[in-house]
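Novice: Next input, structure requested:
(2 chains)
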Number of protein chains: 2
Amino acid sequence: MQRYFISTEYIKNNFALIEGKDYHHIKDVMRMCLGDKIILLDNSSKEYLCEIVDLNQKVSLNILETKVNNNELSSNITIAQGLVHKNKIEEVVRRIVELGATSYVNVIMERCNIKLKSKDDYKFTRLETIVKEASEQSERGKMLSLNGILSFKEFINDSKKYDYKFVCYEDEGRSNSNSIYNYTDDLMNKNILVLVGPEGGISPAEIALLKDNGFIMVGLGKRILRTETAPLMIMSIFSSLLDYKGELHD
Amino acid sequence: MQRYFISTEYIKNNFALIEGKDYHHIKDVMRMCLGDKIILLDNSSKEYLCEIVDLNQKVSLNILETKVNNNELSSNITIAQGLVHKNKIEEVVRRIVELGATSYVNVIMERCNIKLKSKDDYKFTRLETIVKEASEQSERGKMLSLNGILSFKEFINDSKKYDYKFVCYEDEGRSNSNSIYNYTDDLMNKNILVLVGPEGGISPAEIALLKDNGFIMVGLGKRILRTETAPLMIMSIFSSLLDYKGELHD
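Specialist: The predicted model follows:
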């Protein structure tokens, strides 16, 4: 069944309204009719099973049933990535939405190949659409939140609010490495931050600062991953581990 | 350092030769000079550190040092995927090379959206280039092997040679699911086959046949993954688990 995230202001009592792009998607792309059913999501893990009662200029819907979406991971996972090219950001974001990430942020680091004139260089409109569509398709209960671009200093300050802070560091992966699996028993119901470097890697000065600020170095194996593969690998591991641990607890 | 897989026939005693595309890459793209060093790989987990001694029409190299590449996983993992569009195959293959997969095969299944007139419809030349380049960049010791396209019956027959056979099945993931982590302690040094369905999913008849032939159903979590994300998730889990277990053994 088609799913649409909408703002809570469009949901009142047993009634909901859809305008704009989603209206056109429902009417012109999906060619839905009166009586057809869709699921609405309000970005707080609530799902509303709805029936279309009017398609004139807006979609009007009766809410038939409200239930809780249980597809979110038990922990919040933020993926931070050294600033890379837009295309790569889009690909990473699309996939980590599917894999259950909570938020995504880019960090300006020493060895980034991309130089920003101003943070406005990177427009996030297209990225927001990607997040919304991927969240709907993968049946998430909440949309990933896009946290923009931070300087390395801002990022370090921001990192203080997390329970666990990991950084994926190549040198660790290639020698005797520290694995995320060493933390398996303590990852449930946490706020977790994971930093992946940019294409050029993480500088020794940055690594020193990250260590000083409580970041744990982890390796992702002996093979060299591209910067857009690393976040998918991390999210795959966290997502599968948290689901597994969650079911053991149930 | 640049890496190139070459055929063993071009390696003799302490001398090696590079022709064709790699010759042009070394000379015209990388603009290397006499005395520059590269690493050659013979697809059997051997690495040859070489020095360029001639660049006239071919690259002639002196082998300075031979060592073993330890970047391969301890188990062989074959990813089988319901036949999908070429672009998706290319993307999947590129990433599972980075993540350490041994081989990749496509399977014609009931709910494939792609209809093949003949197996020759799908040319694998471009895919072979992708495998070679991704293997070099990710510093693999062996290249992933491309096993073409099989009918479902051929696939079932072929599956008999594996120690473990898994199939990722959506219904399992969404209810109380069986996790790959239930097999963690027994995955080292095995031949493992993992099947991912096509976009349309796996039919009940196919699932029955897979069960009859010893396939173990596993889920990949509560969120809906696109067919090109599932193989990356599986390989991420296997790759990280095998590396972790390997280091515990060392």
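Novice: so where do the helices sit in chain A?
Specialist: Remark: helices assigned in chain A by DSSP state H are A:20-24, A:86-98, A:125-137, A:152-158, A:170-174, A:204-212, A:230-249.
Novice: Pull out the buried positions in the first one.
Specialist: In terms of neighbour count (16 or more other CB atoms under 10 Å in any protein chain shown), helix A:20-24 has its buried residues at A:22, A:23. (C-beta placed from N, C-alpha, C; glycine too.)
Novice: pLDDT score for the nearest residue to residue A:60 once chain neighbours are set aside?
Specialist: Once flanking residues are discounted, residue A:60 sits nearest to residue A:54: 3.7 Å by CB to CB, 6 or more residues apart in numbering or on different chains. Looking at residue A:54, its pLDDT is 95.
Novice: you'd agree residue A:54 is up against residue A:35?
Specialist: No: look at residue A:54 against residue A:35 with CB atoms under 8 Å: they stay out of range, at 11.1 Å.
Novice: what about the two, which has more around it?
Specialist: Ranked by neighbour count (other CB atoms under 10 Å in any protein chain shown), residue A:54 and residue A:35 place residue A:54 first, with 12 against 8.
Novice: Quick check: that one vs chain B, distance?
Specialist: Separation of residue A:54 from chain B (CB to the nearest CB, to the nearest Å): 29 Å.
Novice: With residue A:213 instead?
Specialist: Residue A:213 is 25 Å from chain B, by CB to the nearest CB.
Novice: what do you get for residue A:32?
Specialist: 20 Å.
Novice: what residues are up against that residue?
Specialist: The contact partners of residue A:32, taken as CB atoms under 8 Å, 6 or more residues apart in numbering or on different chains, are A:2, A:26, A:38, A:52, A:55.
Novice: out of these, who's nearest residue A:130?
Specialist: residue A:2 (17.5 Å; CB to CB).
Novice: what's the closest non-adjacent residue to that closest one?
Specialist: residue A:38 (4.8 Å).
Novice: which residues does the one you found bridge with?
Specialist: Here residue A:38 sits in beta bridges with residue A:50, going by DSSP bridges.
Novice: contacting residues around it?
Specialist: Per CB under 8 Å, 6+ apart, neighbours of residue A:38: A:1, A:2, A:3, A:4, A:26, A:32, A:50, A:52, A:61.
Novice: what pLDDT does the first one get?
Specialist: Looking back up the chat, that one is residue A:1. At residue A:1, pLDDT is 91.
Novice: is it true that it touches residue A:41?
Specialist: No: the criterion here is CB under 8 Å, and residue A:1 misses it with residue A:41 at 11.7 Å.
Novice: Among these two, which residue is more densely surrounded?
Specialist: residue A:41 (22 against 9).
Novice: which residues sit in contact with the nearest residue to the more buried one once chain neighbours are set aside?
Specialist: The shortest distance from residue A:41 to any non-neighbouring residue, by CB to CB, 6+ apart, is to residue A:5 (4.8 Å). By CB under 8 Å, 6+ apart, residue A:5 lies in contact with A:40, A:41, A:42, A:43, A:132, A:135, A:136, A:143.
Novice: Recalculate using a threshold of 6 Å.
Specialist: A:41, A:43, A:132, A:143 (CB atoms under 6 Å, 6 or more residues apart in numbering or on different chains).
Novice: Highest neighbour count among the residues you listed?
Specialist: residue A:41 (22 neighbours).
Novice: Could I get the pLDDT score of that one?
Specialist: The predicted local confidence for residue A:41 is 96.
Novice: Would you mind listing what in chain A touches chain B?
Specialist: A:71, A:95, A:98, A:100, A:138-139, A:179, A:181, A:221-225, A:229, A:232-233, A:236-237, A:239-240, A:243-244 (CB under 6 Å from any CB of the partner chain).
Novice: Mark which of those residues are buried, thanks.
Specialist: A:71, A:95, A:98, A:100, A:138-139, A:179, A:181, A:221-225, A:229, A:232-233, A:236-237, A:239-240, A:243-244.
Novice: Could you give the number of residues near residue A:60?
Specialist: For residue A:60, the neighbour count with other CB under 10 Å is 17.
Novice: That should have said residue A:126, apologies.
Specialist: With other CB under 10 Å as criterion, residue A:126 counts 11.
Novice: Spatially nearest residue to it, not counting backbone neighbours?
Specialist: Residue A:126's closest residue in space is residue A:90 (CB to CB, 6+ apart), at 7.1 Å.
Novice: Chain B versus the one you found, what's the distance?
Specialist: Residue A:90 is 14 Å from chain B, by CB to the nearest CB.
Novice: what do you get for residue A:39?
Specialist: 13 Å.
Novice: Low-confidence ranges, chain A, go.
Specialist: A:119-122, A:124, A:171-176, A:249-250 (pLDDT under 70).
Novice: what's near enough to touch the residue of chain A found nearest chain B?
Specialist: In chain A, the residue that lies nearest chain B is residue A:236 (3.5 Å; CB to the nearest CB). Residues near residue A:236 by CB under 6 Å, 6+ apart: A:99, B:233, B:236, B:237.
Novice: again, but for residue A:238
Specialist: residue A:77.
Novice: go again using 10 Å as the cut-off
Specialist: A:73, A:75, A:77, A:79, A:96, A:99-101, A:166, A:180, A:187, A:192, A:194 (CB atoms under 10 Å, 6 or more residues apart in numbering or on different chains).
Novice: again with residue A:137
Specialist: Counting by CB under 10 Å, 6+ apart, residue A:137 has contacts A:2, A:3, A:94, A:97, A:98, B:223, B:224, B:225, B:226.
Novice: quick one: which of those residues is nearest residue A:161?
Specialist: Distances from residue A:161 to the contacts of residue A:137, taken by CB to CB, are shortest for residue A:97, at 22.0 Å.
Novice: Could you give the number of residues near that closest one?
Specialist: Counted with other CB under 10 Å, residue A:97 comes out at 25.
Novice: My guess is it contacts residue A:235. True?
Specialist: Yes: when contacts are counted by CB atoms under 10 Å, residue A:97 is listed as touching residue A:235 (9.4 Å).
Novice: Span of stretch A:13-31 from start to end?
Specialist: This stretch, stretch A:13-31, spans 26 Å end to end (CA to CA, to the nearest Å).
Novice: Stretch A:168-183 now?
Specialist: End to end - CA to CA - stretch A:168-183 spans 14 Å.
Novice: Report the beta-bridge partners for residue A:16.
Specialist: Taking DSSP bridges as the rule, residue A:16 bridges to residue A:11, residue A:61.
Novice: shouldn't residue A:7 be in contact with residue A:43?
Specialist: Yes: counting by CB under 10 Å, residue A:7 does reach residue A:43; the two are 8.1 Å apart.
Novice: what sits against residue A:92?
Specialist: Residue A:92 neighbours (CB under 10 Å, 6+ apart): A:79, A:81, A:84, A:101, A:104, A:106, A:196, A:227-232, A:235.
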